[in-house]
Every structure is written in C-alpha cells, then in structure tokens.
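>>> everything below, folded, please.
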Amino acid sequence: MIRTGIGTDVHRFAPGVPMWLAGLHFPDEQAGLAGHSDGDVVCHAICDALLVAARLGDMGSNYGTSEPEWAGAPGLVFLRETRRRVEAAGWQIVNVSVQLIGNRPRMAARRAEAEDLLTATLGADTSLSATTTDGLGFTGRGEGLAAIAAALVQRT
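Numbering: from 1, shown residues only. This next block holds a predicted model:
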C-alpha cells in the first residue's frame with residue numbers, strides 16, 4: 001500500500017530571531033521566523049505531509065503549542081520524531097518534495113546542502129525547490145515565508 005500526503009506551513013518574519021530553514025542556519029538574515037518552535041517552514045511542511053500520509057494527524061495535533069517540550073525546538077527535531085512516529089505506525093518514507101515560497105533568503109547556494117541534510121534525516125530522497133510570488137501576497141511583500149511539501153510513504 002502506498003499513500004501520499006501534502007503539508008503546508010506559514011510563518012511571519014520576526015526581527016532578532018535566528019533564521020532556520022530546512023534545518024540550516026542562515027546567520028546573515030536579520031529576521032528569522034516567529035513560532036512556538038524555530039519556525040522552520042520547510043521542516044514543518046514536511047512533517048505535516050508525512051503525518052497526513054501515515055494518517056497520524058498533523059503538526060498541531062502531534063506537537064501542539066500547548067506542549068512546552070516543543071517550545072523552541074529545531075525543525076530537525078520534529079523531522080526525526082515524525083520519522084520515528086511514521087515508522088512506528090508501519091510506514092516507510094519513500095520520498096519527499098518541498099517547495100519554499102518567499103523572497104529571502106535565497107536558497108540556490110544552499111539547496112544541495114539542505115537536500116542532503118533532509119535526506120539523511122528522513123532516510124529517504126528529499127528534493128527542495130524555491131520560488132517567489134512576483135511581489136504578490138504576504139510572501140511577495142516580504143512579510144514571511146511559506147512551504148508546501150508532498151510525501152510518499154509505503155506500508156512496511
């Protein structure tokens with residue numbers, strides 16, 4: 001049995017907060033992403049896609065903001081725990097594709113690094129792309145970032 005899942009995450013920029021995307025730190029960014037955790041929209045969208053594919057709920061039902069143990073947690077912590085939960089439920093991650101939507105930071109120079117890190121963390125091929133919205137919407141106005149992920153899992 002094969003299943004697919006789609007996940008989305010959105011966070012606004014927050015000055016003075018470190019920028020984390022796809023598990024990578026971007027030290028030159030003046031603003032990171034606001035959130036209960038590190039705001040890593042790439043990791044969070046992937047988690048949502050995997051949890052949905054395995055019928056385990058979503059980020060909110062698994063890592064709620066009312067649970068203090070997840071406060072400030074890095075995106076990679078969520079990915080590792082999501083992988084553990086998906087595998088414990090009898091599923092294997094086949095592959096993941098995620099798209100970052102926003103004007104900055106530019107991902108092109110670090111895309112391969114991000115893909116390697118995500119692939120190693122999930123134990124499955126993971127691809128990353130990035131796009132802008134040509135100035136439209138909150139991402140186009142530079143107010144924040146969004147990510148959309150698709151995941152494929154198969155029954156073990």
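
>>> what about S61, distance to I46?
16 Å (Cβ to Cβ, to the nearest Å). Yep, even glycine has a C-beta here, placed from its N, CA and C like the rest.

>>> let me redo that: V17
If you measure V17 against I46 using Cβ to Cβ, the figure is 21 Å.

>>> how about G123?
As judged by Cβ to Cβ, G123 and I46 stand 13 Å apart.

>>> which strands and helices sit next to the longest strand along the chain?
Ranked by residue count and defined by DSSP state E, the top strand of the chain is strand 2-15. Contacts defined by 3 or more Cβ pairs under 8 Å, 6 or more residues apart in numbering; DSSP states H and E place strand 2-15 against strand 31-33, helix 41-53, strand 144-155.

>>> looking at the ones you listed, which is closest to S97?
strand 144-155 (5.0 Å; Cβ to Cβ).

>>> pLDDT-wise, which helix or strand of this structure ranks last?
The weakest-scoring helix or strand in the chain, judged by mean pLDDT, DSSP states H and E, is helix 59-62 (a mean of 92).

>>> after that one, which helix or strand is next?
Once the chain leaves helix 59-62, the next helix or strand it forms, by DSSP states H and E, is helix 75-88.

>>> between V17 and I46, tell me which one has more neighbours.
Shown here are V17 and I46; by other Cβ atoms under 10 Å, I46 has more neighbours (35 against 17).

>>> find the nearest non-adjacent residue to the more buried one, please.
A149 (4.6 Å; Cβ to Cβ, 6 or more residues apart in numbering).

>>> for the one you found, give me its contacts.
Contacts for A149 (Cβ atoms under 8 Å, 6 or more residues apart in numbering) come out as 6-8, 42, 45-46, 48-49, 96-99.

>>> thought L76 was touching L122?
No: counting by Cβ atoms under 8 Å, L76 does not reach L122; the two are 10.1 Å apart.

>>> N95 should be in a strand, yeah?
Yes: the assignment for N95 by DSSP: H, G, I helix; E, B strand; the rest coil puts it in a strand.
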